[in-house]
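> Quick one: sequence plus predicted model below, questions after.
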Amino acid sequence: MSVPTSAPAPSAPASSSRHFPPGFVWGAATAAFQIEGATTADGRSPSIWDTLCERPGAVLDGSDGSVACDHYHRWESDLDLLAGLGLTAYRFSISWPRICPGGKGEPNEKGLGFYDRLVDGLLARGITPYATLYHWDLPQVLEDKGGWRSRDTAYRFAEYAAITQHRLGDRVKHWATLNEPWCSAFLGHASGEHAPGRTDQAEAVVASHHLLLGHGLATEALHGGRRPAEVGVVLNHYDITPASDSPADVDAARRLDGQQNRWWLDALYTGAYPADIVEDFARWTDMSFVQDGDLAAISSRLDWMGINYYSSFVARGLGAPAPAGPRPTPWIGCEDVELVPNGEPVTHMGWDVVPSGLTKVLERISRDYDAPPLFITENGAAYDDVVVDGQVEDPDRIAYIDAHLRAALDAIDAGVDLRGYFVWSLMDNFEWAWGYTRRFGVVRVDYDTLERTPKASAHAYAAIARENGWA
Ligand code: FCB
């Protein structure tokens, strides 16, 4: 797949009529640990996130996932919410420790039963399930044996994928293996912000490889199953530009882009890690953990690819003269690279709002890689919602979603094969190390009563989905 080399058409004015291609998929996304709660119910064993939440200081508000949105018990009314908004696709994740509480061996019938009912509930409402197998909740029993630092975890992951598909594959066609493996590897093992909360750069690189190997082995298992499976992977991508044309900044952007984007895309689509980044990582590891055949498995055929897009980065090399004032924190795994604000408005996460970066990310993947059809599997924004009489008017979130959808359409107009969009998130939820302090939902969750109320953004997004664009 390729896109024309000419510049993309400029965005049309916000009021003009624009439409997505017929059949474009409109959905919302969630993840098991962020919404389900019920962490000890029906034989589920602890995940690495349950463990991290117990570590003092790891989660901003000291909270955990034990109740979250109580989706485990409220899933039916949550699916009614989705259906009420007229959305026809739902991206959710399956909790590995519910299915394989012991890490291997006999699957847990009650865990499988929950997703069985969820999938039936979706289909009964005319909503297509998109299941993600790993959204960061590794069974703690596997972490105790080395987690993603251990090659064995990749094989356990493929087993779990096969078990799950065996049970749900008659009704679930769309499977994603991993969600944002960069976060699992680097936030989990280098910066320590995410579970398992370790801080060793070499371990992060080892984990990145075993995550990708797990993806490859699971992809082979899913494709080899009795039922036809459309297999994809979900990556977080950013458009990365240098702060100036100084050699230090240009090199900072190269390294950051290499680690965030090319490391994953090259492995998946060219069957090789990018040589310049292997060289950058050489101060930590000689990559001797990569075995013959690994890259062939990692680059096995994909049917679709998911892109999570939130923001873009401007990179500065610390060798370059820095402006006066406090220096931002150097970037994980690129010690001598820092991110600089790009002058755009920011969300409640502090993330720059850069819709044009989404167009660039989509075009770049289409142009530079032999990628399958693309989906935006997450896009959305946290804002400090103001509740008036139980209602939330959230114009910033509406503007964010609207602008990114227009940016996505710009990419389609330029020739990118983009098939769908899933807003992050259906509802406010446990935002990892930020606990419940950051709200990404288009549906508000009152954490005292667990009551759900669609925000103005839910209605605005539903209207765009219904119209397949803007009338
Ligand atoms: C992504 C995660 C998702 C959510 C959003 C805000 O990195 O995949 O679970 O936390 O960020």
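Everything's here; your move. Numbers count the residues shown, from 1 in each chain.
> For G147, give me its contacts.
With C-beta atoms under 8 Å, 6 or more residues apart in numbering as the criterion, the residues that contact G147 are I48, L138, T153, P196, A207. The way it works is simple: take the backbone N, C-alpha and C, and place the C-beta from them, glycine included.
> Could you rerun that using 10 Å?
With C-beta atoms under 10 Å, 6 or more residues apart in numbering as the criterion, the residues that contact G147 are 48, 138-140, 153, 184, 188-189, 195-196, 198, 203, 207, 210.
> Could you export the residues you listed to JSON lines, including columns for neighbour count, pLDDT and distance to L302?
Formatted as JSON lines, the contacts of G147 follow (neighbours: other C-beta atoms under 10 Å; pLDDT from 0 to 100; distance: C-beta to C-beta, whole Å):
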{"residue": "I48", "neighbour count": "25", "pLDDT": "99", "distance to L302": "26"}
{"residue": "L138", "neighbour count": "24", "pLDDT": "99", "distance to L302": "22"}
{"residue": "P139", "neighbour count": "27", "pLDDT": "98", "distance to L302": "25"}
{"residue": "Q140", "neighbour count": "21", "pLDDT": "98", "distance to L302": "30"}
{"residue": "T153", "neighbour count": "23", "pLDDT": "98", "distance to L302": "21"}
{"residue": "S184", "neighbour count": "26", "pLDDT": "98", "distance to L302": "19"}
{"residue": "G188", "neighbour count": "29", "pLDDT": "97", "distance to L302": "23"}
{"residue": "H189", "neighbour count": "28", "pLDDT": "96", "distance to L302": "25"}
{"residue": "A195", "neighbour count": "28", "pLDDT": "98", "distance to L302": "26"}
{"residue": "P196", "neighbour count": "23", "pLDDT": "98", "distance to L302": "27"}
{"residue": "R198", "neighbour count": "17", "pLDDT": "96", "distance to L302": "29"}
{"residue": "E203", "neighbour count": "22", "pLDDT": "96", "distance to L302": "27"}
{"residue": "A207", "neighbour count": "26", "pLDDT": "98", "distance to L302": "21"}
{"residue": "H210", "neighbour count": "25", "pLDDT": "98", "distance to L302": "19"}
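> Quick one: neighbours of the spatially closest residue to A131 that is not a sequence neighbour, just the number.
By the measure of C-beta to C-beta, 6 or more residues apart in numbering, the closest residue to A131 outside its immediate chain neighbours is V172, 5.1 Å from it. In terms of burial, V172 registers 22 neighbours under the definition other C-beta atoms under 10 Å.
> ok, S312 touching A253?
No - between S312 and A253 no contact is recorded; they are 11.1 Å apart, counting by C-beta atoms under 10 Å.
> Compare neighbour counts for these two and give me the winner.
When S312 and A253 are compared on other C-beta under 10 Å, the one with more neighbours turns out to be S312, at 23 against 19.
> May I have the predicted confidence score for the residue nearest to R262 when sequence neighbours are not counted?
In space, R262 comes closest to P274 once its chain neighbours are excluded; the distance is 4.6 Å by C-beta to C-beta, 6+ apart. The predicted local confidence for P274 comes out at a pLDDT of 98.
> what's near enough to touch the residue lying closest to C183 once chain neighbours are set aside?
With sequence-adjacent residues excluded and distances taken as C-beta to C-beta, 6+ apart, C183 is closest to H194, at 5.9 Å. H194 makes contact with 48-49, 52, 58, 136, 180, 183-188, 432-433, according to C-beta under 10 Å, 6+ apart.
> Apply 6 Å and report the result again.
Going by C-beta atoms under 6 Å, 6 or more residues apart in numbering, H194 touches C183, L187, G188.
> same question, W175
A131, L222, A229, V231.
> okay if I get those as TSV plus pLDDT?
Written out in TSV, the entries for those read as follows (pLDDT from 0 to 100):
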residue	pLDDT
A131	99
L222	98
A229	98
V231	98
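> Show me which parts of the longest helix along the chain are buried, residue by residue.
When the chain is parsed with DSSP state H, its longest helix is helix 201-224. Of all the residues in helix 201-224, those buried under the rule 16 or more other C-beta atoms under 10 Å are 201-223.
> The ligand contacts on the stretch 201-350 of the chain?
For the stretch 201-350 of the chain, the residues in contact with the ligand under the definition C-beta under 6 Å from any ligand atom are N236, N308.
> Tell me where the stretch 201-350 of the chain has strands.
230-236, 240-242, 304-308, 313-317, 330-331, 334-339 (DSSP state E, counting those that start in this stretch).
> among these, which is nearest W424?
The closest approach between W424 and any of the strands of the stretch 201-350 of the chain, judged by C-beta to C-beta, belongs to strand 304-308 at 7.4 Å.
> Quickly note the distance from A315 to the ligand.
Taking C-beta to the nearest ligand atom, to the nearest Å as the criterion, A315 is separated from the ligand by 19 Å.
> ugh, typo on my part, it should be N468
Applying C-beta to the nearest ligand atom, one obtains 25 Å for the distance of N468 from the ligand.
> residues near that residue, how many?
Each residue near N468 was counted by other C-beta under 10 Å, and the total is 15.
> And it, how close does it get to V205?
As judged by C-beta to C-beta, to the nearest Å, N468 and V205 stand 43 Å apart.
> coming back round to it: looking at the contacts of H194, which is nearest P372?
C183 (22.2 Å).
> before we move on, back to that, weakest of the strands of the stretch 201-350 of the chain in terms of mean pLDDT?
Across these, the stretch with the lowest average pLDDT is strand 330-331; it has a mean of 66.
> is it true that Q201 touches A190?
Yes - under the contact definition of C-beta atoms under 6 Å, Q201 touches A190, with a separation of 5.0 Å.
> Can you check which residues contact both of those two?
Counting by C-beta under 6 Å, 6+ apart, the contacts common to Q201 and A190 are G333.
> Next one: E363 from A371, what distance?
Separation of E363 from A371 (C-beta to C-beta) stands at 11 Å.
> Actually, W434.
Here the criterion is C-beta to C-beta. By it, W434 lies 31 Å from A371.
> Then A83?
Taken as C-beta to C-beta, the span from A83 to A371 is 32 Å.
> shaky segments in the stretch 301-450 of the chain?
The model of the stretch 301-450 of the chain has pLDDT under 70 over residues 320-330.
> Once you drop chain neighbours, what's closest to I48?
The shortest distance from I48 to any non-neighbouring residue, by C-beta to C-beta, 6+ apart, is to A195 (3.7 Å).
> Does that neighbour belong to a helix, a strand or coil?
Three-state secondary structure (criterion: DSSP: H, G, I helix; E, B strand; the rest coil) places A195 in coil.
> can I assume it is in contact with S47?
No - here A195 does not reach S47: they are 7.5 Å apart, not a contact under C-beta under 6 Å.
> Helices of the stretch 301-450 of the chain, start to end?
355-368, 395-413 (DSSP state H, counting those that start in this stretch).
> on that earlier part again, OK, contacts around the residue nearest to A131?
Under the criterion of C-beta under 6 Å, 6+ apart, the contact list for V172 reads V119, P129, A131.
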